[in-house]
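1. Got a sequence here, can you build the structure:
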Amino acid sequence: MDWRQSERLYLDFGTGDAGEPSELYAADMTLVDQQYIHIGQLTNTQQQKRAVEQGQLVSGFITLTDGTKHYFDSEITHYDAGTETAILRRPLDNELTVTPRRQYLRVKASIEVAVKQGDHRFTAMTSEVSAGNLVLLLEKGHQLRSGDELECWLLIHMKNGAIEHVPLEAVVLHAGDGKQESPRCRIEYTFLAEPDRQKLIRYCFERQFDFRNP
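-> Residues are numbered from 1 along each chain as shown. All right, here's what the predicted structure looks like:
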C-alpha cells in the first residue's frame, strides 16, 4: 500500500468497549520508510495533546484518496517528549484491514451547520449532504485545508416539522483554494452516533422523495 496517499494518521485511544465513543487523535505523517512511520504531535478536535510511551500498543487508521480506510495495530518504538513526536512500527500490508467507503444516498440540501475548528467557530451552509459526508459552502474569509478536524452541529428540518440537532466530528477531505466567492469543502464524518446517522438517512430519503414528487 502507498502510504503517501494520506498525509494524516489517526490513532484511537478509546477502550474499544461496545457503545463507548472513540477517542481519536490525529497527527501528520512526516516520514514513512520501509520499517517505520514518523508522526508529529497528536491532537484531537479540541486541540488537546496526547502523549504516548515507548512500547505502547496502538490502533488506528488512515484514509486514502479513494475514501477507503485502512485500519491497523502497531507499537510506539520511540517518543520524544520535548518535540512531542513519535515513531511507530509500520504495519505490513497483510496486517491492514481495509474498509471500503460506504455509499449513502446523497442529496442537494441547504442545512445550517455550526462549525468548530480548535478555538475558531463559525457557521456555514451545506450544498449537498449524505449520512457519510457533506459539502460545506464557506463564507469568504473562512478557509479550511485537507486534514483539518472539525466539530459540527447540523440543524435539520424533517418533513413532519420536527427540528433535529445532529452533532458529529469530521475531517476535511478536499478543500477549495479560497479564491471562490463561496469556497467549498467536502468533509467526511469520523464520529457520528448511529441514532443521528439514522436521522440523516431519513432526511436524505425524504429529500429524494420530494425531488421526485415536486
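2. alpha carbons only for contacts and neighbour counts from here, please
-> Noted.
3. Listing partners with orientation, what would you give for the helix or strand of the chain with the lowest mean pLDDT?
-> Using mean pLDDT, DSSP states H and E, the weakest-scoring helix or strand in the chain turns out to be strand 97-99, at a mean of 80. For strand 97-99, sheet partners with direction are given as strand 69-80 (antiparallel), following DSSP bridges.
4. Quick check: next helix or strand after the strand it pairs with?
-> Once strand 69-80 ends, the next helix or strand along the chain (criterion: DSSP states H and E) is strand 85-89.
5. Neighbouring strands of that next one in the sheet, and parallel or not?
-> strand 36-39 (antiparallel), strand 69-80 (antiparallel).
6. and the closest residue to residue 196 other than its chain neighbours, what helix or strand is that in?
-> Counting by C-alpha to C-alpha, 6 or more residues apart in numbering, residue 166 is the residue found nearest to residue 196 once chain neighbours are left out, at 5.8 Å. In the assignment (DSSP H and E), residue 166 maps to strand 163-175.
7. Could you do residue 200 as well?
-> Using DSSP H and E, residue 200 maps to helix 194-212.
8. okay, and for the protein, where does confidence drop off?
-> For the chain, the stretches with pLDDT under 70 are 5, 14-22, 66, 100-102, 176-182, 210-214.
9. For the nearest residue to residue 105 once chain neighbours are set aside, grab the count of nearby residues.
-> Leaving aside its chain neighbours, residue 105 sits nearest to residue 130 (5.8 Å; criterion: C-alpha to C-alpha, 6+ apart). The local packing of residue 130 (other C-alpha atoms under 10 Å) involves 21 other residues.
10. May I see the buried residues of stretch 151-171?
-> Buried residues in stretch 151-171, counted by 16 or more other C-alpha atoms under 10 Å: 151-154, 156, 158, 166-171.
11. Between all of those residues, which two are separated the most?
-> 158 and 171 (25.5 Å; C-alpha to C-alpha).
12. Name the nearest residue to residue 205, ignoring sequence neighbours.
-> Using C-alpha to C-alpha, 6+ apart and skipping residues adjacent in sequence, the residue nearest residue 205 is residue 105, 7.4 Å away.
13. and the gap between the residue nearest to residue 105 and residue 166?
-> Using C-alpha to C-alpha, to the nearest Å, residue 130 is found at 13 Å from residue 166.
14. can you check residue 116 too?
-> Taking C-alpha to C-alpha, one finds residue 116 at 14 Å from residue 166.
15. Check residue 203 too.
-> Counting by C-alpha to C-alpha, the separation of residue 203 from residue 166 is 11 Å.
16. Show me whatever sits in contact with both of those two.
-> By the contact definition C-alpha atoms under 8 Å, 6 or more residues apart in numbering, residue 203 and residue 166 are jointly contacted by residue 156.
17. quick one, what contacts residue 207?
-> Applying C-alpha under 8 Å, 6+ apart to residue 207 gives the contacts 107, 109.
18. For it, give its distance to residue 72.
-> Using C-alpha to C-alpha, residue 207 is found at 37 Å from residue 72.
19. can you list the residues that contact stretch 166-179?
-> 45, 140-141, 143-156, 183-193, 196.
20. From these, which land in helices?
-> Among those, the members found in helices (DSSP state H) are residue 196.
21. Next step: the contacts of stretch 166-179 restricted to strands.
-> Among those, the members falling in strands (DSSP state E) are 149-156, 184-191.
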